[in-house]
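Chemist: what follows is a predicted structure for the sequence shown.
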Amino acid sequence: MISGRLIKVCGLRAADNVRAVAALPGVDLVGFIFHPASPRCVTAVPDVSLPDGVRRVGVFVDVPEEQIVATARRYGLHLVQLHGHESPDMCRHLADVGLGVIKAFPATPEAVRNDTTRYATSGCRLFLFDTPTAAHGGSGRTFDWHVLQDYVGQTPFLLGGGLGPDALDALSRFTHPRLAGYDLNSRFERCPAEKDVEALRTFLQMMHVPR
């Protein structure tokens, strides 16, 4: 059984798909990618009413702080996920204006042990560990979760990096005192930015089955 965890479904675009994913029991966060190099990039967040408790996350890569704040206000983003080289000061400034901040890190030994330490007091609500890639995520590949044993910080984190329908058994065995939840993206798609709602539904249901 895998329970009590945040679920973020990222890389959404079409209004009907957003609406269907957000309605799934267990989904807490829906993510919209504002990185032009991503095949899941959006130019606007669909005007969709979300169920109570579901929050919008905007994903940015090395975008000026003012642009992030303006985009968040325009589309009612509750959180921003920073996937580039954003500084601890920038994270703190965004938190100070009322945005929840998720700072993403490539899951390398250096990042897990040392880079996260620089952000310990930056006001980040969550960290996210993803598969190292020059494309800043969305690779569909997993990484060796054992590297996260070296993370001793206090900031909770989301586990990302190619999690798919076949990951349930491995997830049921993976534990960490700061594990807050999971980031689901490319392995649950029919095509880029179109999530397979039934595959997500089955996965979320199976998370609560004793394993």
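Modeler: Cool, got the structure.
Chemist: hmm, L77 is touching V45, no?
Modeler: Yes. Using C-beta atoms under 8 Å, L77 makes contact with V45 at a distance of 7.5 Å. Heads up, the C-betas are built off the backbone N, CA and C, glycines and all.
Chemist: higher neighbour count, the two?
Modeler: For L77 versus V45, neighbours defined as other C-beta atoms under 10 Å are more numerous around L77 (24 against 20).
Chemist: list the contacts of that one.
Modeler: L77 makes contacts with 32, 45, 56-58, 71, 99, as judged by C-beta atoms under 8 Å, 6 or more residues apart in numbering.
Chemist: try L12
Modeler: 18, 21, 30-32, 40, 42, 193, 195.
Chemist: what's the pLDDT at it?
Modeler: For L12, the pLDDT comes out at 98.
Chemist: then it would be within a strand, right?
Modeler: No. L12 is assigned coil when assessed by DSSP: H, G, I helix; E, B strand; the rest coil, not a strand.
Chemist: gap between stretch 27-38 and the chain center?
Modeler: Distance of stretch 27-38 from its chain centroid, counting by C-alpha atoms, centre = their mean, to the nearest Å, is 8 Å.
Chemist: picking that back up, in CSV: the contacts of L12, plus pLDDT, distance to D166 and secondary structure.
Modeler: Formatted as CSV, those follow (pLDDT from 0 to 100; distance: C-beta to C-beta, whole Å; DSSP: H, G, I helix; E, B strand; the rest coil):
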residue, pLDDT, distance to D166, secondary structure
V18, 98, 25, helix
V21, 98, 20, helix
V30, 98, 23, strand
G31, 98, 22, strand
F32, 98, 26, strand
R40, 96, 21, coil
V42, 97, 28, coil
A193, 96, 22, coil
K195, 98, 17, strand
